[in-house]
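1. fold the following, please.
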Amino acid sequence: MENKTVLLTGASSGVGKSLSYYLHDRGYDLVLVSRREPEILHEHGNERIAFVPADLGDVDASEKQIDDIVAGHGHIPYVINNAGVMTGGNLDEHDWENVEQDINVNARMPWYIMKRVLPEMRKQNFGRIINVTSGAPLNCFPGFGIYSATKGLLNSLTVTMAKENREYNIKINLMSPGPVKSEMAPKAPMEPEVCHPTLDYLLQLPESGETGRFYWLGYEVPLFPDLEGVQWLKGIGNEKLKKVL
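-> Numbering: from 1, shown residues only. Coordinates of the predicted model:
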């Protein structure tokens, strides 16, 4: 029987809530991680759903809970690191505690979850990991510096881990759900469901599919400039770089 277990964080609201219903309807077995009990439990009970209450900002407790999930399930072929927090305000208005909280939820715990599920994915030679990111680190909007920086860290971790596992049938990609309504953005213009087609695309990537890429509403968005021909160690650029000296 095909293993369709998916670990989804931040499942109680916004994008995570939408994804939990969508994936359940499509026959996936859900392991949901969130601070609050997801609504889907009220409708479906424990039918193909396991719920683990966890505050990913509490790193020590959360790491133990993730360890227990991995020990109990073995190979988890699908992971969606969706949980996120967004602290607004100019960068010089914050103290380190604000920064650390956002790092823990937006980057550190996604890294830890990947670190824990990847060994079994490599043994089974299969895994699809989607790290939910944002357009913020590509735009660096004033007043959202901590959010942009921590999502930028998540982007770098994702691309690097994808390269480190390229020899396996493991695809680790980024998905920005778009400007969708959530508790962080209640006035956003779109509903979370607009990201479902992109989610399907990433979950169903074939072995020849891409890894370490950024996707947004059906688009692949380049994370890096075109560096073909650039020789970093020799200090030689290419014709697409603006030479100023």
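2. only C-alpha atoms for contact and neighbour calcs from this point on.
-> Noted.
3. determine the longest helix present in the protein.
-> helix 145-164 (DSSP state H).
4. how about the CA coordinates for it, as CSV?
-> What follows is helix 145-164, C-alpha atoms only, in CSV (Å, rounded to 0.1, in the frame of the first residue of the first chain):
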residue,chain,number,x,y,z
GLY,A,145,12.7,43.1,8.0
ILE,A,146,12.7,40.3,10.5
TYR,A,147,10.1,38.3,8.5
SER,A,148,12.0,38.9,5.3
ALA,A,149,15.3,37.9,6.9
THR,A,150,14.0,34.7,8.5
LYS,A,151,12.2,33.6,5.3
GLY,A,152,15.5,34.4,3.4
LEU,A,153,17.3,32.1,5.8
LEU,A,154,14.6,29.4,5.1
ASN,A,155,15.2,29.9,1.3
SER,A,156,18.9,29.4,1.7
LEU,A,157,18.5,26.3,3.9
THR,A,158,16.1,24.8,1.4
VAL,A,159,18.3,25.4,-1.7
THR,A,160,21.4,24.0,0.1
MET,A,161,19.6,20.9,1.4
ALA,A,162,18.1,20.3,-2.0
LYS,A,163,21.7,20.3,-3.5
GLU,A,164,23.0,18.1,-0.7
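5. off-centre distance for stretch 182-190?
-> Computed by CA atoms, centre = their mean, to the nearest Å, the chain-centroid distance of stretch 182-190 equals 18 Å.
6. quick one: average confidence on that stretch?
-> Averaged across stretch 182-190, pLDDT comes to 87.
7. mind checking the end-to-end distance for that stretch?
-> 10 Å (CA to CA, to the nearest Å).
8. ok, and what's touching that stretch?
-> Contact with stretch 182-190 is made by Ser13, Gly14, Val15, Val85, Met86, Gly178, Pro179, Val180, Lys181, Pro192, as judged by CA atoms under 8 Å, 6 or more residues apart in numbering.
9. what's next to the one helix or strand Asp200 maps to, contact-wise?
-> Applying DSSP states H and E as the criterion places Asp200 in helix 196-203. If you take CA under 8 Å, 6+ apart as the criterion, helix 196-203 is touched by Leu19, Tyr22, Tyr78, Arg128, Ile129, Ile130, Asn173, Met175, Tyr215, Trp216, Leu217, Gly218.
10. so which of those residues comes closest to Tyr147?
-> Met175 (15.7 Å; CA to CA).
11. and the closest one, that's in a strand?
-> Yes. Under DSSP: H, G, I helix; E, B strand; the rest coil, Met175 falls within a strand.
12. show me what contacts it?
-> Contacts here follow CA under 8 Å, 6+ apart; on that basis Met175 touches Ile130, Asn131, Val132, Thr133, Ser134, Thr198, Leu199, Phe214, Tyr215, Trp216.
13. could you redo the last one with a cut-off of 7 Å?
-> If you count contacts by CA atoms under 7 Å, 6 or more residues apart in numbering, Met175 has them with Ile130, Asn131, Val132, Thr133, Phe214, Tyr215, Trp216.
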